[in-house]
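Enquirer: Predicted model follows, preceded by the sequence.
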Amino acid sequence: MRPRSRPRSTLLAAPLACAALLAANPAAAAPLVFEGDVPADGPDHFFVEVEVPPGTAEIEVRHDDLSEVNILDFGLDDALAGGAGYRGWGGGTTEPIVVNETAASRAYVPGPIRPGTWRVVVGKAKVVASPARYRIEVELRSTPTLAAERPRTPYAPPPARKTETRYYAGDLHVHSRESTDASATLEENVALAKQRGLEWLEISDHNTVTQLDYFGGVHDEEPGFLLVPGIEYTTYAGHANAIGATRFVDHKIGQPGVTIESAADAIRAQGAILSINHPVLDIGDLCIGCAWQHDLDPTKIGGVEIGTLGVTAGAQLFSERAIAFWDALLDRGAKIPALGGSDDHRAGTSTGIFPAKVGSPTTLVRATELSTRGILDGIKRGATVVKLDGPDDAMVELEAVPRRDDVEGLAFPGDTIGVRSILLRAKVTNGVGQTVRFVKNGTPEDSVVVTADPFVHYARVDAPAEGEDRWRAEALVDERPRTVTSHLWLRRDPAGPDAEAAASDEGCGVAREGGARAPWVGLALAGLVAALRRRRRAL
């Protein structure tokens with residue numbers, strides 16, 4: 001999510017850093033000035049071309065939307081001058097763009113300043129007063145004035161931080177200061193994540209990958225922690241998460257060859273995952289384009305952010321609607337895992353209606369190792385659990401087992417198995433006083449009260465006669481989902497496992513302490529409480 005309410009942008013109010021740059025180069029030629037009307041028709045983005053002569057060592061672009069109510073976004077492109085094209089995206093902030101061969105302002109890419117035609121990219125984020133106008137000033141310098149703030153190094157995936165098969169806790173939607181609407185450094189984000197017990201973060205800055213230049217230094221200082229590459233692919237009709245992407249993906253929907261389908265293909269071509277961020281977060285101008293409106297083939301979607309901002313931040317309603325959005329995609333035959341991300345822009349110091357905080361929600365990925373490949377492979381398998389409020393929520397581990405006494409699961413979230421019947425096992429830890437339930441094809445089964453830590457809930461289920469059934473497990477607080485697993489899929493295989501003879505009390509909640517079954521008196525009380533809860537809901 002990108003907060004979009006802001007004071008009017010004005011060249012006179014540009015950051016003091018801009019004045020400092022001018023003072024450092026008093027002999028610079030007068031800036032080029034481009035002013036005009038925003039095209040009323042056509043795509044959401046247009047270009048203002050700038051001719052850059054030979055000998056130019058640095059470009060500075062200052063921009064203004066000349067309005068109290070309109071909002072324009074800005075970026076820079078050097079494709080027509082023979083460059084790679086993408087030189088950065090600043091969005092709707094007022095900060096000037098500065099690039100030279102060795103340094104660049106945040107969210108922009110340093111590199112050669114090739115002579116030829118450059119383009120200032122302008123996005124029509126919000127145009128309510130017409131005619132909308134823009135003003136752009138471009139200063140071309142023969143001597144660089146901007147020095148690098150800190151060393152940049154090409155991104156390289158670090159070695160595995162840990163090597164064991166288990167769930168690893170992290171956050172799939174965190175911004176650093178390379179998003180120009182964010183202020184948190186990587187180090188601040190990592191410090192908060194570690195304080196909250198997380199082991200990895202995906203840094204998903206808006207339409208840029210410049211944050212990757214700084215991953216190496218953090219990985220050197222934090223040998224047990226993992227930063228996962230990513231992009232928040234921000235459009236005016238929805239935001240997606242390109243999990244694992246290390247190369248820019250064009251977000252200017254409507255330009256030649258740029259569609260949501262081409263973007264999904266470009267993300268997948270990198271081995272990355274397209275997930276939909278905050279799909280139902282429709283809060284108007286507070287977050288332009290946050291709610292998902294694109295029509296994209298569900299088979300191209302690799303995840304849905306069912307939780308954003310946590311639930312105690314007032315976002316519970318969005319989580320429940322996002323879960324319904326997720327179920328609707330699954331009803332169309334897609335196998336998409338549940339994901340969660342905080343959308344933290346300020347390392348836990350945000351205030352206001354939705355004060356995001358790293359780790360709220362927390363996504364747990366079952367992986368063979370703590371590495372970028374391990375996390376991506378786990379998500380692609382669908383082996384995820386989302387704690388909607390944060391790391392202190394109950395943990396729910398979903399497995400399929402032929403018999404109760406099986407120590408190892410036959411299948412886990414993300415797996416599709418052929419069976420005649422099977423026992424579903426949901427192990428709940430840190431959840432005493434909550435309830436746990438299974439959900440079949442989006443429809444909840446009866447819940448039972450969690451009376452011990454750990455607590456194991458079983459249900460014997462038959463495979464469908466045709467097609468596949470999907471099953472997940474949820475822990476609930478005040479009858480609202482708080483921890484949600486991704487799904488197991490069951491299909492009928494006449495030669496597959498049959499759990500019919502497993503035990504006589506399948507479908508009950510079974511509390512276990514130290515691996516032993518709790519006394520039957522406790523089970524009877526738990527069943528009575530669950531029955532009373534169901535009766536109260538029926539009334």
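Expert: Good, I have the coordinates.
Enquirer: out of everything not next to it in sequence, what's closest to Pro157?
Expert: Thr372 (4.7 Å; C-beta to C-beta, 6 or more residues apart in numbering). All C-beta atoms are positioned from the backbone trio N, CA, C, and that covers glycine.
Enquirer: quick one, what contacts the one you found?
Expert: By C-beta atoms under 8 Å, 6 or more residues apart in numbering, the contact list for Thr372 reads 157-158, 226, 228-229, 244.
Enquirer: Mark which of those are part of strands, please.
Expert: Counting by DSSP state E, the contacts of Thr372 place 226, 228 in strands.
Enquirer: where in this structure is pLDDT low?
Expert: Within the chain, the stretches with pLDDT under 70 are 1-28, 284-286, 313-314, 352-354, 500-539.
Enquirer: Give me the domain ranges for it.
Expert: What automatic domain parsing lists as the domains of the chain is 11-141, 150-393, 394-539.
Enquirer: now the second one: how far from the chain's centre is it?
Expert: Same thing as domain 150-393. Relative to its chain's centre, domain 150-393 lies at 2 Å (C-alpha atoms, centre = their mean, to the nearest Å).
Enquirer: How about stretch 76-86?
Expert: Offset of stretch 76-86 from its chain centre (C-alpha atoms, centre = their mean): 28 Å.
Enquirer: what's the answer for stretch 37-55, then?
Expert: Remark: stretch 37-55 is offset 31 Å from the chain centroid, using C-alpha atoms, centre = their mean.
Enquirer: Tell me the buried residues in that stretch?
Expert: Of the residues in stretch 37-55, 38, 44-48, 50, 52 count as buried by neighbour count, 16 or more other C-beta atoms under 10 Å.
Enquirer: closest to Gly496 among those?
Expert: Ranked by distance to Gly496 (C-beta to C-beta), the buried residues of stretch 37-55 are led by Asp44 at 50.8 Å.
Enquirer: So the closest one sits against Lys126, correct?
Expert: No: using C-beta atoms under 8 Å, Asp44 is not in contact with Lys126; the gap is 10.9 Å.
Enquirer: sorry, back to before: which of the contacts of Thr372 has the largest number of neighbours?
Expert: With neighbours taken as other C-beta atoms under 10 Å, the top of those is Leu226, carrying 28 neighbours.
Enquirer: Run a quick neighbour tally on the residue nearest to that one when sequence neighbours are not counted.
Expert: Nearest residue to Leu226, sequence neighbours excluded (C-beta to C-beta, 6+ apart): Trp200, at 4.0 Å. If you count neighbours by other C-beta under 10 Å, Trp200 ends up with 25.
Enquirer: hang on, Trp200 packs against Gly224?
Expert: No: with contact defined as C-beta under 8 Å, Trp200 does not count as touching Gly224 (10.1 Å).
Enquirer: Report the two of the buried residues of stretch 37-55 separated the most.
Expert: The farthest-apart pair in the buried residues of stretch 37-55, when distances are taken by C-beta to C-beta, is Asp44 and Val52, at 25.5 Å.
Enquirer: before we move on, the earlier item: please identify the most buried of the domains of the chain.
Expert: Highest mean neighbour count of these: domain 150-393, a mean of 21 (counted as mean count of other C-beta atoms under 10 Å).
Enquirer: if we can go back for a sec, hey, what's in contact with both of Trp200 and Gly224?
Expert: Arg161.
Enquirer: In terms of helix, strand or coil, where does Trp326 fall?
Expert: helix (DSSP: H, G, I helix; E, B strand; the rest coil).
Enquirer: so what's the residue nearest to it when sequence neighbours are not counted bridging to?
Expert: Excluding its sequence neighbours, the residue lying closest to Trp326 (C-beta to C-beta, 6+ apart) is Val304, at 4.3 Å. With beta bridges defined as DSSP bridges, Val304 has these partners: Ile276, Ala338.
Enquirer: can you pull the contacts of Val304?
Expert: By C-beta under 8 Å, 6+ apart, the neighbours of Val304 are 275-276, 279, 322, 325-326, 329, 336-339.
Enquirer: Would you mind giving these as TSV with distance to Val461 added?
Expert: Shown next, in TSV, are those (distance: C-beta to C-beta, whole Å):
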residue	distance to Val461
Ser275	28
Ile276	29
Pro279	29
Ala322	26
Phe325	25
Trp326	21
Leu329	22
Ile336	21
Pro337	20
Ala338	20
Leu339	25
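Enquirer: Out of these, flag the one nearest to Gly257.
Expert: Ile276 (22.2 Å).
Enquirer: what's near enough to touch that closest one?
Expert: Residues near Ile276 by C-beta under 8 Å, 6+ apart: 238-241, 292, 301, 303-305.
Enquirer: export those to a markdown table and tack on distance to Thr185?
Expert: As requested, these are exported to a markdown table (distance: C-beta to C-beta, whole Å):
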| residue | distance to Thr185 |
| --- | --- |
| Gly238 | 28 |
| His239 | 22 |
| Ala240 | 25 |
| Asn241 | 21 |
| Trp292 | 30 |
| Ile301 | 31 |
| Gly303 | 26 |
| Val304 | 29 |
| Glu305 | 24 |
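Enquirer: where's the residue nearest to Pro157 relative to Tyr168, distance?
Expert: Going from Thr372 to Tyr168 by C-beta to C-beta, to the nearest Å gives 12 Å.
Enquirer: Name the residues contacting each of the two.
Expert: Joint contacts of Thr372 and Tyr168 (C-beta under 8 Å, 6+ apart) do not exist.
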